[in-house]
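*Asks:* how does the following fold in three dimensions:
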Amino acid sequence: MVELIIPATDGRIGWKHVSASVAKALQLDQASVAELLPVGEIQLDSPAVALSLLAINLAAGNRLNFSVTRDGNQSPGLLIRCDPSLLQLPRRPQKVREVTIHHDKNWLESGEGRPLVLFLHGVNGTHEAFDGLREELRSCGYQTAAAAYGSHRSIAAIARDLSDVVRSHLASSTREHSLVLVGHSMGGLIAREWTNNSALENDAITGLITIGTPHRGSAWATLPPLMNLFAKGEFGVADVSDLILHAPSSPELRDIAPGSAFLDSLNARDNRPDVRYTAVIGIGSPVDALTVEKIQQTFRQLERRDGFLRLIRPRIEPLLSGFDELIRGRGDGIVAAESAAMAATKDLVKVDLSHFELVRPISETSAVEDVFHPVWQVVIDRVASCCEMPGFRKGGIDNG
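*Replies:* Got it, this is the predicted structure:
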């Protein structure tokens, strides 16, 4: 791997300079390299540059990779990674991890009348994300568990396998158990598919709590590399071509895209009268409306003069036309408040936290000590309501 850093002058770099540097480093013909790249120059401080560079990476056939870097004085430069052998490397098949349940010791020996509480994580999440909340629930006398499942699978497939695995667990107990599902982000969609699909084993489910769940989809799902950047702080190399080819990098992201066939099917089903539904909605995005408007203006200006950005316009249309997901007060940074409101559910709770703060311990989201997490309190209260209502399993409940 050959790496080059080309410093910018007043934040700008000419593509002619880039092609000359790459050609020299790889001992290639400069004119041939120049044919792969645009003409003119780029402004590295522009928030639109990252998307433009991704398009160029694809046009270069993955032989070249471009990204913006900064030196010790925070001056921008263009980092170029050159790997001529990259195209010859076989693509490794995606690993599909089976559904596993991480549960409390003796979790199937819960007290009479108390439901088991099962947590479901979102995209790129892990079962450990709920450790703090599970500890609080255990201190209240509840038995808990958290599911783990791999990516690159459809939400319906995950729900089906999860239903089968949990059924096997429950069948091993001599007691009759009820379940309350708590799903963060995509985990809430898995929980709804499991709960409301009559073809799945779901009789034990008596409560469903979604937290920051995109019931109507999230525009981030049409931009998987950008969603990964927002969530993990890095781009996945395998996702570069997805941005250009308009094909989300994995089936679960395709399911989360607004207007997907999965969401249409999910939202066409009625909620069950014997299940209590709650939706927690985050409105604490770290980005305000003025900042989003500035980003949109920058993209529109760049689009007028950059053919590569026009190429990927279908993928960034949500960002240009609104993107409530990103605006404080209208979303949590990943999911718009309107989308997080579960259909036909009156128990909607808005919380001034961002998407990942919704489940993290409060100590990581606030400098104030001894403040109980508002979302945790909602979960504990709703779980308690599921075992306090008389005739809950038999007569159904009012989801108001």
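*Asks:* tell me the mean pLDDT for stretch 152-162?
*Replies:* For stretch 152-162, mean pLDDT rounds to 93.
*Asks:* in it, what's buried?
*Replies:* Under the neighbour-count criterion of 16 or more other CB atoms under 10 Å, stretch 152-162 has 153, 155-162 buried. (C-beta placed from N, C-alpha, C; glycine too.)
*Asks:* format the CA atom coordinates belonging to that stretch as CSV.
*Replies:* Taking C-alpha atoms only, stretch 152-162 is exported to CSV below (Å, rounded to 0.1, in the frame of the first residue of the first chain):
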residue,chain,number,x,y,z
HIS,A,152,-26.4,-8.6,6.0
ARG,A,153,-29.7,-10.3,6.7
SER,A,154,-33.3,-9.1,6.1
ILE,A,155,-35.2,-7.9,9.2
ALA,A,156,-37.9,-10.5,8.5
ALA,A,157,-35.3,-13.3,8.5
ILE,A,158,-33.8,-12.1,11.8
ALA,A,159,-37.3,-11.9,13.4
ARG,A,160,-38.1,-15.4,12.2
ASP,A,161,-34.9,-16.9,13.6
LEU,A,162,-35.3,-14.9,16.8
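*Asks:* any residues touching that stretch, and which ones?
*Replies:* Stretch 152-162 is contacted from outside by 94, 96, 98-99, 120, 147, 149, 186, 189-191, 193-194, 197, 200, 250-252, 254-256, 262, using CB atoms under 8 Å, 6 or more residues apart in numbering.
*Asks:* rewinding a little: which one of the buried residues of stretch 152-162 is nearest S339?
*Replies:* Minimum distance to S339 across the buried residues of stretch 152-162 is 15.1 Å, recorded for I155 (CB to CB).
*Asks:* what about the closest one, distance to K24?
*Replies:* 49 Å (CB to CB, to the nearest Å).
*Asks:* swap in G113?
*Replies:* Between G113 and K24 the computed distance is 75 Å (CB to CB).
*Asks:* try S218
*Replies:* From S218 to K24 the distance is 44 Å (CB to CB).
*Asks:* between these two, which is the more surrounded one?
*Replies:* S218 (30 against 12; other CB atoms under 10 Å).
*Asks:* and for that one, nearest residue in space, chain neighbours not counted?
*Replies:* V335 (5.2 Å; CB to CB, 6 or more residues apart in numbering).
*Asks:* could you report the pLDDT at that neighbour?
*Replies:* At V335, pLDDT is 94.
*Asks:* which residue ranges of this protein form strands?
*Replies:* With DSSP state E as the criterion, the chain has strands at 2-7, 12-14, 41-43, 64-70, 76-82, 100-103, 116-120, 144-148, 179-184, 205-211, 276-282, 348-351.
*Asks:* got the ones you listed as a markdown table, with mean neighbour count and mean pLDDT columns?
*Replies:* Listed next are the strands of the chain as a markdown table, based on neighbours: other CB atoms under 10 Å; pLDDT from 0 to 100:
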| stretch | mean neighbour count | mean pLDDT |
| --- | --- | --- |
| strand 2-7 | 14 | 79 |
| strand 12-14 | 17 | 86 |
| strand 41-43 | 18 | 79 |
| strand 64-70 | 18 | 72 |
| strand 76-82 | 18 | 77 |
| strand 100-103 | 16 | 93 |
| strand 116-120 | 28 | 96 |
| strand 144-148 | 22 | 95 |
| strand 179-184 | 27 | 97 |
| strand 205-211 | 27 | 97 |
| strand 276-282 | 25 | 97 |
| strand 348-351 | 17 | 97 |
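*Asks:* return the residues in contact with the nearest residue to E128 once chain neighbours are set aside.
*Replies:* The shortest distance from E128 to any non-neighbouring residue, by CB to CB, 6+ apart, is to A146 (7.7 Å). Contacts for A146 (CB under 8 Å, 6+ apart) come out as 101-103, 118-121, 127-130, 134.
*Asks:* hang on, the earlier thing: for the strands of the chain, which one sits closest to E35?
*Replies:* With CB to CB as the yardstick, what comes closest out of the strands of the chain is strand 64-70 (12.5 Å).
*Asks:* chain center to stretch 317-333: distance?
*Replies:* 14 Å (CA atoms, centre = their mean, to the nearest Å).
*Asks:* distance between the ends of it?
*Replies:* 17 Å (CA to CA, to the nearest Å).
*Asks:* which residues does it contact?
*Replies:* 212, 218-220, 222-223, 230, 258, 281-289, 292, 295-296, 299-300, 313, 334-340, 353-355, 358.
*Asks:* swap in stretch 347-367?
*Replies:* 129-130, 132-133, 184-185, 211-212, 231, 276-286, 332-335, 337, 341-342, 368-369, 371-376, 378, 382, 399-400.
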